[in-house]
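1. For reference, the sequence and a predicted model appear below.
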Amino acid sequence: MPGGRLTQQERRQIALGMADGLAYAEIARRLDRPTSTVTREVTRNGGPTAYRADLAHLATERRAHRRRPAATREAPAPAPLHGRDAEAVRAYEELFTTVLMASGSPRMMARVLACLTLTDTGSLTASELVRHLQVSPASVSKAVAFLEGQGLIRRERDERRRERYVVDDDVWYQSMMASARASAQLVEIARQGVGVLGPRTRAADRLENIARFVDFVSESIARAAEQAREILHTRPGPPSDDTAAPSGPSAPIG
């Protein structure tokens with residue numbers, strides 16, 4: 001029976017087996033692996049409905065090569081927040097980061113965005129990000145600047161005048177609108193090119209087609225974002241006396 005980590009080919013066989021409706025035990029038998037190996041692999045990487053072989057392999061590679069802090073005196077582990085399984089949260093953070101990377105985000109930017117998104121407060125300081133991600137302050141600063149430029153996070157000051165980086169329910173709307181503005185600039189530049197290259201030339205026709213396509217798509221996205229924000233975005237009101245729960249600072253994930 002083979003040992004060691006699953007290969008990418010084995011993960012693809014797992015995905016195919018689940019698509020065919022096979023039980024974990026049958027998939028494991030075909031791989032000559034313990035059933036627990038297949039079960040753990042699927043559970044850690046999205047579950048039976050969301051398992052993707054390539055994303056699971058990327059997440060595993062990231063876990064294997066993640067830098068570990070220098071050996072120091074061990075600090076006591078923080079108490080689980082809201083009864084969460086700390087290992088499951090870490091695995092999910094890895095998966096969420098990998099999906100963001102697959103959608104085009106650079107690695108460090110994806111890690112910072114995932115870290116902020118999965119905190120209950122939706123905000124962390126630079127030092128908190130550095131501790132959680134075990135990276136340099138310069139890496140966090142560069143990632144924050146990129147994400148802020150994309151409209152994905154914002155900055156604010158807390159009561160101690162510390163700068164905090166914030167992601168909230170409205171940030172994806174703001175990001176889409178920033179993307180729509182960038183697309184509008186592309187449309188304008190493409191149509192300027194039509195005049196420079198001369199109408200009825202192949203290059204000008206190509207630029208005009210680009211302008212029309214991007215204009216149509218970006219306008220549709222902006223309109224859909226406005227509608228979704230109006231329909232789906234809810235703002236919590238003050239809790240009633242009988243439902244109010246004591247509040248306190250939420251600890252960072254991990």
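-> Thanks, I have it.
2. Show me how this structure divides into domains.
-> Here the domain parsing of the chain from automatic domain parsing is 8-60, 85-166, 171-232.
3. Need those in a markdown table (columns: mean neighbour count).
-> In short, each C-beta sits where N, CA and C put it, glycine included. Output for those, formatted as a markdown table (neighbours: other C-beta atoms under 10 Å):
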| stretch | mean neighbour count |
| --- | --- |
| domain 8-60 | 17 |
| domain 85-166 | 17 |
| domain 171-232 | 14 |
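4. I'd like these as JSON lines, with mean pLDDT appended.
-> Formatted as JSON lines, those follow (pLDDT from 0 to 100):
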{"stretch": "domain 8-60", "mean pLDDT": "85"}
{"stretch": "domain 85-166", "mean pLDDT": "89"}
{"stretch": "domain 171-232", "mean pLDDT": "88"}
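5. Give me the contact list for stretch 190-207.
-> With C-beta atoms under 8 Å, 6 or more residues apart in numbering as the test, stretch 190-207 has contacts from 208, 210-211, 214.
6. Narrow those to those in helices?
-> Residues of the contacts of stretch 190-207 located in helices (DSSP state H): 208, 210-211, 214.
7. What is the nearest of these to Thr35?
-> For those, the closest approach to Thr35 (C-beta to C-beta) belongs to Val214, at 50.0 Å.
8. pretty sure that closest one contacts Leu186?
-> Yes - in this structure, Val214 is within contact of Leu186 by C-beta atoms under 8 Å, at 5.5 Å.
9. got the residue ranges for the strands in the stretch 51-200 of the chain?
-> Here the stretch 51-200 of the chain has its strands, by DSSP state E, counting those that start in this stretch, at 123-125, 154-157, 163-166.
10. Direction included, what does the first one pair against?
-> Looking back up the chat, that one is strand 123-125. Paired with strand 123-125 in the same sheet, following DSSP bridges, are strand 163-166 (antiparallel).
11. distance between the strand it pairs with and the chain's centre?
-> How far strand 163-166 lies from its chain's middle: 18 Å, per C-alpha atoms, centre = their mean, to the nearest Å.
12. Return the distance of the residue most central in space within the chain relative to Arg29.
-> A centroid search over the chain (C-alpha atoms, centre = their mean) returns Leu100, at 3.9 Å, as the residue closest to the centre. Leu100 sits 35 Å away from Arg29, going by C-beta to C-beta, to the nearest Å.
13. before we move on, what about Glu148?
-> According to C-beta to C-beta, Glu148 stands 51 Å off from Arg29.
14. Tell me where the stretch 51-200 of the chain has helices.
-> Taking DSSP state H, counting those that start in this stretch to define them, one finds helices in the stretch 51-200 of the chain at 53-65, 86-102, 107-117, 126-133, 137-149, 171-197.
15. How far off centre is stretch 140-153?
-> In terms of C-alpha atoms, centre = their mean, the gap separating the centre of stretch 140-153 from the centre of its chain is 13 Å.
16. need the contact list for Arg154.
-> With C-beta under 8 Å, 6+ apart, Arg154 has these contacts: 148, 165-166, 171.
17. which residues does it bridge with?
-> Val166.
18. what about it, distance to Pro199?
-> Computed as C-beta to C-beta, the Arg154 to Pro199 distance reads 43 Å.
19. With Arg107 instead?
-> In terms of C-beta to C-beta, Arg107 sits 44 Å off from Pro199.
20. Switch the contacts of stretch 190-207 over to JSON lines; also include distance to Arg191.
-> Conversion of the contacts of stretch 190-207 to JSON lines gives the following (distance: C-beta to C-beta, whole Å):
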{"residue": "Glu208", "distance to Arg191": "7"}
{"residue": "Ile210", "distance to Arg191": "9"}
{"residue": "Ala211", "distance to Arg191": "5"}
{"residue": "Val214", "distance to Arg191": "10"}
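21. of all those residues, which comes closest to Gly17?
-> Closest approach to Gly17 among those (C-beta to C-beta): Val214, at 41.3 Å.
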